[in-house]
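1. Whatever this is, show me its structure:
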Amino acid sequence: MRRGDLNGARRLYARAIAADPELPAPHYRLSRLLFRERDRAGAKRESQAAKELEKKAVEESRKILRIAWPEGKAPG
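-> Okay, here's the model as predicted:
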């Protein structure tokens, strides 16, 4: 893929989302590309998806930390 190849980038982001729809980064990057192409509705949709997935990832990380360190602090 060459620099500035927006169609190639769009295809790569779509493949990344298809491979793992729970990853926020490809949604965010696709939103940036769509915004650049003046597809405001598509950009907003992908940006919202990225935001929700990032929030979900943070919540999952917090759950894991609470399980790993129930007293609230890491050993050390």
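2. Check what pLDDT Met1 gets.
-> Reading off the confidence values, Met1 has pLDDT 67.
3. Leu30: neighbouring residues, count only.
-> Neighbours of Leu30 under the rule other C-beta atoms under 10 Å: 24. Yep, even glycine has a C-beta here, placed from its N, CA and C like the rest.
4. now swap in the one 3 residues further on and tell me
-> The number of residues packed around Leu33, counting by other C-beta under 10 Å, is 18.
5. For this structure, which segments are assigned as helices?
-> Under the criterion DSSP state H, the chain carries helices at the ranges 6-19, 24-36, 40-68.
6. tell me the most buried of the ones you listed?
-> Stretch with highest mean neighbour count among the helices of the chain: helix 24-36 (a mean of 18; mean count of other C-beta atoms under 10 Å).
7. my read: Leu53 touches Ile17, true?
-> No. Look at Leu53 against Ile17 with C-beta atoms under 8 Å: they stay out of range, at 10.3 Å.
8. got any residues that touch both of those two?
-> 23, 27 (C-beta atoms under 8 Å, 6 or more residues apart in numbering).
9. possible to save the helices of the chain as CSV with mean pLDDT?
-> Below are the helices of the chain laid out as CSV (pLDDT from 0 to 100):
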stretch, mean pLDDT
helix 6-19, 94
helix 24-36, 96
helix 40-68, 93
